[in-house]
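Trainee: Next input, structure requested:
(2 chains)
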Amino acid sequence: MTVSALLVGASLLLASSGIPGLFYPRSRALGERIAALLSAAGGVLGLGGSLAVLAGLPAPGLSLGWSIVPRSGAVLAADPLTAAFLLPLFLLSVVAPVYGLSYWPQAEHPDDGQKLRFFFGLLTGSMAIVTMARDGVLFLVAWETMALSAYFLVTTEDRKEPVRSAGWTYLIATHTGTLVLTAMVLLLGRSTGSFSWVPWEESRLPAGTSAIVFVLALVGFGFKAGLVPLHFWLPGAHSSAPSHVSAVLSAVMLKMGVYGFLRITSLMPAIPSWWGAVTIVAGAVTALTGVALAVGQGDLKRLLAYSSIENIGIVYVGVGTALLGVAEGQPAWALLGLAGAIFHVWNHSIFKALLFLSAGSVVHASGTREMDRMGGLLPALPRTGLAFGVGAAAVSGLPPLNGFVSEWLIYVALFSIWTHGQPAFALVGLAIPVLATTGALATASFVKVFGTVFLGSPRSAPGAVPHERPGMARPVLALAAACLVLGLGAPWLAPFLERAAFAWRPALAKTGIRILEVAPLGWISVFGLFLTGSLAVGLVALRLVRSAEGFRTGPTWDCGYAAPTSRMQYTGRSLGQWLGEQLLPRRLGPSVRRQEPRGFFPVIARFSASTPDPFHARLFAPVFSSWADRLNRLRWLQQGRIGIYLLYILIVLVGLLAWSAVRQRWGG
Amino acid sequence: MLETVLHLVVVLTVPPLLLGVIGRTKAAFAGRTGAPVLQPWYDLLRLFRKEMVLSTTTTWVFLVGPVLAVVAPLAASLLVPFGGSRAPVSFSGDLVLFAYLFALSRFFTAAAALDTGSAFEGMGAAREVSFACLAEPALFFGLLVLGRISGTLSLSSMLSAPWTTGWITAGASLVLVVAGWFVVLLAENSRIPFDDPNTHLELTMIHEVMVLDHSGPALGLILYGSSLKLFVLGTLLIRTVVPCGASSPLVNWVAFLSGMFLLAVVVGVVESVIARLRMIRIPQLLVTACLLSAFGMILLIR
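Mentor: Model prediction:
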């Protein structure tokens, strides 16, 4: 049995994991256990398979022996690039369903539990096929299955109006993206004469066509990855879904956009420099805008979603440097950029899954997503809080955690471009201060999140004492440990990252370059160990001081104020206020309505702030609603009966056939 | 080896003396004698002997802040050369680690402040993390300039480059970077005009207000850590301005240390002759610093 067959089998296990549960009555909990078991089994098998591929085991393509349409063949294969994207997918298919057993048990959600698990399996299974498909048509089919399952997952709680509206926005965005991708696949099929995704020859794909393909790939996959301004669907969708689904959407599904973009560029015969430059600019803009919008958010899960946009931007900066390195014949730039990008994909999927899952526990415990109603949850949720603290530091890119190492690789790639010399690329150096600002803003956002949610004292009296379910705390702690291990053990991951990079552009392998030669990851580990060790020693020492003398406790010293209340704490909104209102351009900032207190005996003072996505509210919504009015006149076409739509399809097909017949006969 | 030992001894003992020098300079301007230069050390030793009082709202995060406030600058100090030609540790890309170590201590200092649940400390934390968003790019623009001049990605080589070639080939850029970095130094170390380390109970403070609830050894760690931070960030500036490339190591170390004390005097002079800025003016000054360093970078693009 080949590795490819193993991986396909694992994907089928994932895809079918929700089906048995459909046959049980809603009151029985057996279905959810079967689903978690199947999904975890598929995940473990898949993890083994993808690690084997990354370790260098060859995985020959697997042809299913049928073609969906002429000139296409259903070929599935797994090279190290595929495996690099399969790893987070299989990891999450183990972690998320296990977490879901405690977070979304059938007993508490009899109405939508079965639906959720069915589409969850379909989503993870189809994503595995997306990364393994080596055929344009098969890829599109898997892509659309993924997109639609994600729609049903986003709208799990479709009783709520905001959820339906977020799902609707997502559906529009993803279909627009698929439309662009369909155009790309058709264009590629037309020029190369086949839909199969093997390296294309320069003679079949002239520079003009590849440029169009590149732009279509950037836009089409950009919708899925969440490149600004195509990200407008993302915050709503990710915050509406149940948290373990948000974790998968953020940690894995966004990366499918990155994967698709990498796959297309890996097959291109030649890469011009401007592709790299455009990708770096798109990434830098996305990173900075994403994090700038994150700072002001009041909704915990929306903030995490914006932070995902930021991280996708960082990944694209890495991919851009890699493209530039290939175009300019600089293997060091290419290797560092791509290794950094892929490592950041892994790291982001770990710490963002961690953050979304712990956010789920927090929402579960406090009953709200508004951060300004939380506070002081750390004593009640000690393990979740510890894990969240680690995740928040990791997402801010702080050493010694994993997020720092991947950002560091991208920084080194950018610095190498900058010190190299040529004025044209020197401007790429500007991405460095942009990334630095992004990092500082991310730190600000996550200090705010961690501080507002877990630290201080509770801001509003909760209905019940918050509690921690062990089944929800354990997966999150495991992910936190992974953040530390990946940060300290980065040198040992270098061979895996190299294989993924070499699978992307095999020409890189021929240069004989190695990551550890250009980026001394060993030193990063040494410093990481030093930091971890000294932190442990310092904390133990302080504890010894405390226990030797016995320690005194008292209320917080609020500058002598005698009766501080928890409502006087600084809120998350005020923590982000200066950045959100003063530093950002007004159009990106939150919309604030305030009525200041007036006079000596002020009676009324009001303050309210909301943070709708500015691109959604000010750019897309007006355009869409004006078009909606015009298109309303075609409403009579929509009869809502399947037969009618089949008739439409038939009419269009006959028309197209007639047209091509006419062209063949008279057009030449 | 000897240089490494000397490096460690200097970084562990000298930083609090800088605070002493700043204090003496300010006293001289005010017509007082001032506390002895060793006073910050006396204060630290006294604090380490004192009892620690903890707020009932605090958790483990409250103690992580002080520990990292020392550990992170200490780790960063291993990456910059003092009097010697090379730092104890130097590798390609260490400049990014250097910058992010300070971010690490900032994250947990601010988190520790929020852990108390006090409105004042929340304000301090908000200001600290917000102003860093402007200081960080200014630091990186300067690092870009030095990286381009030296053609390397390691701080040891970058900080040796100004006096081998830099001041001749790119003097204008370096002047701009030094100006920008000096502002960053004042901001990051909470000196006037950004913050007044002498006041204690004011709404307008940044760093001091974040550590209101720390006491005893924890406060000692924080004060020691901030002197370390001043020393390590000052090193960037001093190695750029003061030549430390002579053949005799003794001359280099003397040049470096006198440079550092001169920097402390300059900071003291600045604190004596100008007042603290209003809070809303601070971002403007930081943006200026950022733009100065950015111009330094743009001058190098050719």
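
Trainee: residue contacts, the residue in chain A positioned nearest to chain B?
Mentor: Relative to chain B, the nearest point of chain A is A:Y570 (2.3 Å; Cβ to the nearest Cβ). Every residue, glycine included, has its C-beta placed from N, CA and C. Residues near A:Y570 by Cβ atoms under 8 Å, 6 or more residues apart in numbering or on different chains: B:L114, B:A119, B:E121, B:G122, B:M123, B:A125, B:A126.

Trainee: Looking at the helix or strand hosting the fourth one now, give me its mean pLDDT.
Mentor: This points to B:G122. When elements are assigned from DSSP states H and E, B:G122 belongs to helix B:119-150. The pLDDT scores in helix B:119-150 average 92.

Trainee: Who are the contact partners of the one residue sitting closest to the centre of chain A?
Mentor: Nearest residue to the geometric centre of chain A (Cα atoms, centre = their mean): A:S250, 3.3 Å. Residues near A:S250 by Cβ under 8 Å, 6+ apart: A:H238, A:L304, A:A305, A:S308, A:K352, A:A353, A:F356.

Trainee: repeat that for 10 Å
Mentor: Neighbouring residues of A:S250 by Cβ atoms under 10 Å, 6 or more residues apart in numbering or on different chains: A:92, A:226, A:234, A:237-238, A:241, A:301, A:304-305, A:307-309, A:311-312, A:348-349, A:352-353, A:355-356.

Trainee: Next: B:W181.
Mentor: With contact set as Cβ under 10 Å, 6+ apart, B:W181 has these partners: B:135, B:138-139, B:141-143, B:145, B:188, B:233-234, B:236-237, B:240-241, B:289, B:292-293, B:296.

Trainee: circling back: out of the contacts of A:Y570, who's near chain A?
Mentor: Within the set of these, contact with chain A (Cβ under 10 Å from any Cβ of the partner chain) is found for B:L114, B:A119, B:E121, B:G122, B:M123, B:A125, B:A126.

Trainee: Buried ones among those residues?
Mentor: Neighbour-count burial (16 or more other Cβ atoms under 10 Å in any protein chain shown) applied to the ones next to chain A among the contacts of A:Y570 gives B:L114, B:A119, B:E121, B:G122, B:M123, B:A125, B:A126.

Trainee: and the residue in the stretch 201-302 of chain B that chain A sits nearest to, how far is that from A:T82?
Mentor: Here the residue of the stretch 201-302 of chain B nearest chain A is B:I301; by Cβ to the nearest Cβ that distance is 4.4 Å. According to Cβ to Cβ, to the nearest Å, B:I301 and A:T82 sit 39 Å apart.

Trainee: Neighbour count: these two, which is higher?
Mentor: A:T82 (27 against 15; other Cβ atoms under 10 Å in any protein chain shown).

Trainee: check contacts around the more buried one.
Mentor: Contacts for A:T82 (Cβ under 10 Å, 6+ apart) come out as A:4, A:7, A:50, A:53-54, A:59, A:76, A:128, A:130-134, A:259, A:263, A:500, A:503.

Trainee: Between the contacts of A:Y570, which sits nearest B:A246?
Mentor: Of all the contacts of A:Y570, B:A125 has the smallest distance to B:A246: 44.2 Å, by Cβ to Cβ.

Trainee: Against B:E136, how distant is the closest one?
Mentor: 16 Å.

Trainee: Could you list the low-confidence segments of chain B?
Mentor: Within chain B, the ranges that satisfy pLDDT under 70 run B:200-204.

Trainee: 80 instead, please
Mentor: For chain B, applying pLDDT under 80 flags the ranges B:197-205, B:302.

Trainee: Spatially central residue for it, please.
Mentor: B:L230 (2.9 Å).

Trainee: Show me how far whichever helix in chain A runs longest is from its chain's centre.
Mentor: Determined from DSSP state H, the single longest helix within chain A is helix A:331-366. Centroid separation for helix A:331-366 versus its chain: 8 Å, with Cα atoms, centre = their mean, to the nearest Å.

Trainee: Report the mean confidence score over it.
Mentor: 95.

Trainee: try stretch A:37-46
Mentor: Stretch A:37-46 shows a mean pLDDT of 96.

Trainee: Buried residues in that stretch, which are they?
Mentor: Result for stretch A:37-46 [16+ other Cβ under 10 Å]: buried residues A:L38, A:S39, A:A40, A:A41, A:G42, A:G43, A:V44, A:L45, A:G46.

Trainee: Among those, name the ones in strands.
Mentor: Using DSSP state E, no member of the buried residues of stretch A:37-46 falls within strands.

Trainee: of these, list those near chain B.
Mentor: Of those, not one also sits near chain B (Cβ under 10 Å from any Cβ).

Trainee: which one is whichever residue of the stretch 1-150 of chain B sits closest to chain A nearest to, not counting chain neighbours?
Mentor: Using Cβ to the nearest Cβ, the closest approach of the stretch 1-150 of chain B to chain A is made by B:G122 at 2.3 Å. Nearest residue to B:G122 in three dimensions, chain neighbours excluded: A:Y570, at 2.3 Å (Cβ to Cβ, 6 or more residues apart in numbering or on different chains).

Trainee: Next: A:G100.
Mentor: Closest to A:G100 by Cβ to Cβ, 6+ apart is A:H244, at 4.7 Å.

Trainee: Am I right that the one you found is in a helix?
Mentor: Yes: counting by DSSP: H, G, I helix; E, B strand; the rest coil, A:H244 is located in a helix.

Trainee: what sits against it?
Mentor: Per Cβ under 10 Å, 6+ apart, neighbours of A:H244: A:92, A:95-104, A:116, A:120, A:153, A:353, A:356-357, A:360, A:472, A:475.

Trainee: Mind checking which of the residues you listed are buried?
Mentor: Neighbour-count burial (16+ other Cβ under 10 Å) is assigned, among these, to A:92, A:95-104, A:116, A:120, A:153, A:353, A:356-357, A:360, A:472, A:475.

Trainee: quick one: the strands in the chain?
Mentor: Just so you know, I chose chain A. Under DSSP E, chain A gives strands at A:62-63, A:75-76, A:552-554, A:591-595, A:606-610.

Trainee: Correction: the question concerned chain B.
Mentor: Under DSSP E, chain B gives strands at B:53-55.
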